[in-house]
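>>> build me a structure from this.
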Amino acid sequence: MQDELYRMHDNNVVRLILGKLRDNDTDTNNRYTRAASDFRHWLKEKILIEDSAPAIYIYTQTYTYDGKSIDRIGFISLMELDLEDKKVLPHEKTLKAPKEDRLRLVREIKANLSPIFMLYEDAKHKVSSILKTFSKKTEPFIDVTIDSVRHRVWALTDKAAISKIEGLMGKKDIFIADGHHRYETSKNYARELIEKGAPQSLIDNSKSFMAYFVELEEKSLLIMPTHRLIKDVGGLNKEDILEKLGKYFTIEKLPNAKKLLSRLGALKASHAFGMYLGEAGHYALKLKDFEKAKTFMGEGSADWKSLDVSILHLFILKYVLGISDEDDNIEFVKDPDDAFKGIDKDGFKMAILLNPTKVTQVKKVAEHGEKMPRKATYFYPKPLSGLVIRKM
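Okay, here's the model as predicted:
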């Protein structure tokens with residue numbers, strides 16, 4: 001995908017967000033310094049133009065899912081960093097390497113290149129009502145369709161409307177949907193600047209970040225599952241796997257991938273999983289007794305343990321099968337076809353397919369102050385990169 005985006009245009013935002021690595025990279029010439037150089041050049045040449053007036057950017061995404069057209073509305077703005085984690089509720093664990101990568105980039109480029117995807121509760125839809133009223137009056141300044149999703153953006157500069165949105169949002173708890181690594185990086189960068197005694201203007205700028213806010217409601221928020229491919233099953237054969245799982249799961253053998261996915265969807269109200277073992281077959285697994293299973297899952301709330309991803313990693317892989325769930329043993333894929341192909345063509349031993357996590361589950365886990373296993377949620381569609389950039 002990176003190669004394809006590079007080919008599409010010399011000014012594609014991938015050159016800033018995920019520049020290519022080169023064999024001759026040095027401390028002074030690397031993907032991060034090249035991104036900063038491109039950013040300065042694009043500003044100088046008016047490829048990127050800084051808006052003259054402060055604005056909140058209304059952002060809609062229109063897409064079709066399950067035969068229905070969905071129109072999701074949100075807004076992009078700055079948000080104060082919550083350095084004490086009192087108002088922002090993360091739900092996912094972060095890894096060291098991605099945070100190091102993003103910190104190196106923000107040090108060089110001094111900009112927020114992609115908004116962090118945030119969720120907020122608004123039972124009376126007061127904020128979205130303001131956004132819809134304004135967007136109906138004027139034409140968007142961005143209107144583009146990519147990968148079957150239509151993206152439109154309006155600049156809301158009306159001070160009274162902005163003030164009303166600020167007032168409504170000010171006291172809300174905010175849930176991170178996507179961008180946990182960038183959020184942690186923003187906090188680390190702000191603390192680093194304070195410790196180093198950086199110019200006050202830069203410190204002040206670093207205490208806020210660009211965010212994309214969407215109302216937390218089931219109708220417009222679509223969460224897709226992330227499936228697992230496992231490289232090493234610890235020497236277990238098909239009979240071992242089925243025998244061990246059979247103690248705790250009802251197992252159905254299905255004739256093909258299509259039937260497996262259909263059965264998995266039909267079992268979404270249960271703790272159910274799809275399993276593919278190549279020539280050894282397609283299977284649907286349905287947990288017999290959650291109360292029993294959760295006793296083997298260590299600490300954590302009942303809400304956290306009831307997540308299918310928690311059951312998969314802590315109960316199925318670790319307890320029942322004794323398989324490593326470390327990152328070097330697991331590949332994460334969003335397309336079920338990639339999961340099946342991983343077994344048939346790429347040498348993986350086991351594919352586990354999941355139903356999506358529910359929006360209400362994300363909220364409950366975050367409110368407990370707990371974090372989900374990695375890749376528990378994939379909010380679709382993601383905000384498009386490059387629509388709005390915030391220069392510090």
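>>> got any ranges where the stretch 201-350 of the chain has weak pLDDT?
Low-confidence segments of the stretch 201-350 of the chain (pLDDT under 70): 218.
>>> give me that answer again for 80
Scanning the stretch 201-350 of the chain with the threshold set as pLDDT under 80 gives 217-220.
>>> which parts of it are strands?
Along the stretch 201-350 of the chain, counting by DSSP state E, counting those that start in this stretch, strands occupy 208-215, 222-224, 227-230, 249-254, 272-276, 282-287, 330-333, 350-354.
>>> give me the helices and strands touching the second one, please.
This means strand 222-224. With contacts taken as 3 or more CB pairs under 8 Å, 6 or more residues apart in numbering; DSSP states H and E, strand 222-224 sits against strand 378-380. For the C-beta atoms, the positions are set from N, CA and C on the backbone; glycine is no exception.
>>> paired strands for the strand it packs on, with orientation please.
strand 222-224 (antiparallel) (DSSP bridges).
>>> show me which residues of stretch 154-174 are buried.
W154, A155, L156, I162, I165, M169, K172, I174 (16 or more other CB atoms under 10 Å).
>>> would JSON lines of the strands of the stretch 201-350 of the chain with mean neighbour count and distance to M1 be doable?
Converted to JSON lines, those look like this (neighbours: other CB atoms under 10 Å; distance: least, CB to CB, whole Å):
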{"stretch": "strand 208-215", "mean neighbour count": "23", "distance to M1": "21"}
{"stretch": "strand 222-224", "mean neighbour count": "17", "distance to M1": "17"}
{"stretch": "strand 227-230", "mean neighbour count": "23", "distance to M1": "19"}
{"stretch": "strand 249-254", "mean neighbour count": "16", "distance to M1": "32"}
{"stretch": "strand 272-276", "mean neighbour count": "24", "distance to M1": "25"}
{"stretch": "strand 282-287", "mean neighbour count": "22", "distance to M1": "29"}
{"stretch": "strand 330-333", "mean neighbour count": "18", "distance to M1": "14"}
{"stretch": "strand 350-354", "mean neighbour count": "24", "distance to M1": "22"}
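>>> in JSON lines: the buried residues of stretch 154-174, plus secondary structure.
Output for the buried residues of stretch 154-174, formatted as JSON lines (DSSP: H, G, I helix; E, B strand; the rest coil):
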{"residue": "W154", "secondary structure": "strand"}
{"residue": "A155", "secondary structure": "strand"}
{"residue": "L156", "secondary structure": "strand"}
{"residue": "I162", "secondary structure": "helix"}
{"residue": "I165", "secondary structure": "helix"}
{"residue": "M169", "secondary structure": "helix"}
{"residue": "K172", "secondary structure": "coil"}
{"residue": "I174", "secondary structure": "strand"}
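>>> quick one: which of the residues you listed is nearest to M118?
Among the buried residues of stretch 154-174, I174 lies closest to M118 (CB to CB), at 5.0 Å.
>>> correct me if wrong: the closest one contacts Y120.
Yes. Under the contact definition of CB atoms under 8 Å, I174 touches Y120, with a separation of 5.6 Å.
>>> who touches both of the two?
Residues touching both I174 and Y120 by CB atoms under 8 Å, 6 or more residues apart in numbering: F213.
>>> let me have the strands of the stretch 201-350 of the chain in CSV, extended by distance to M392.
Converted to CSV, those look like this (distance: least, CB to CB, whole Å):
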stretch, distance to M392
strand 208-215, 9
strand 222-224, 32
strand 227-230, 38
strand 249-254, 51
strand 272-276, 45
strand 282-287, 48
strand 330-333, 32
strand 350-354, 39
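>>> could you pull out the buried residues of the lengthiest strand in the chain?
For the chain, the strand with the greatest residue count under DSSP state E is strand 68-80. Of all the residues in strand 68-80, those buried under the rule 16+ other CB under 10 Å are I70, R72, I73, G74, F75, I76, S77, L78, M79.
>>> and the furthest pair within those residues?
Spanning the widest gap among the buried residues of strand 68-80 are I70 and L78, at 27.1 Å by CB to CB.
>>> got the contact list for the longest strand of the chain?
Taking CB under 8 Å, 6+ apart as the rule, strand 68-80 contacts 56-64, 115, 118, 127-128, 131-132, 135, 153, 156, 165, 174, 207-215, 219-222, 381, 383, 387-388, 390.
>>> quick one on the thing from earlier: and of the buried residues of strand 68-80, the nearest to K345?
Looking at the buried residues of strand 68-80 and their distance to K345, the nearest is I70, at 33.7 Å (CB to CB).
>>> and that closest one, bridged to which residues?
Taking DSSP bridges as the rule, I70 bridges to Y63.
>>> circling back: of all the strands of the stretch 201-350 of the chain, which one is nearest G342?
strand 227-230 (4.2 Å).
>>> distance between that closest one and the chain's centre?
From the chain centre to the centre of strand 227-230 is a distance of 17 Å (CA atoms, centre = their mean, to the nearest Å).
>>> please name every helix or strand in contact with that strand.
Other elements packing on strand 227-230 under the criterion 3+ CB pairs under 8 Å, 6+ apart are strand 330-333, helix 336-344, strand 350-354.
>>> just checking: what are the partner strands of the first one?
Just to be clear, that refers to strand 330-333. Strand 330-333 has its sheet partners listed here by DSSP bridges as strand 227-230 (antiparallel).
>>> hey, C-alpha coordinates of the partner strand in PDB?
Provided in PDB are the C-alpha atoms of strand 227-230 (Å, rounded to 0.1, in the frame of the first residue of the first chain):
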ATOM      1  CA  HIS A 227      -8.800 -12.200  13.000                       C
ATOM      2  CA  ARG A 228      -5.700 -14.200  14.200                       C
ATOM      3  CA  LEU A 229      -3.200 -16.300  12.200                       C
ATOM      4  CA  ILE A 230      -1.000 -18.500  14.400                       C
END
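>>> by residue count, tell me the biggest helix in the protein.
Assignment by DSSP state H gives helix 180-196 as the longest helix of the chain.
>>> buried residues in it?
Buried positions in helix 180-196, judged by neighbour count with 16+ other CB under 10 Å: H180, H181, R182, Y183, E184, T185, S186, K187, Y189, A190, L193.
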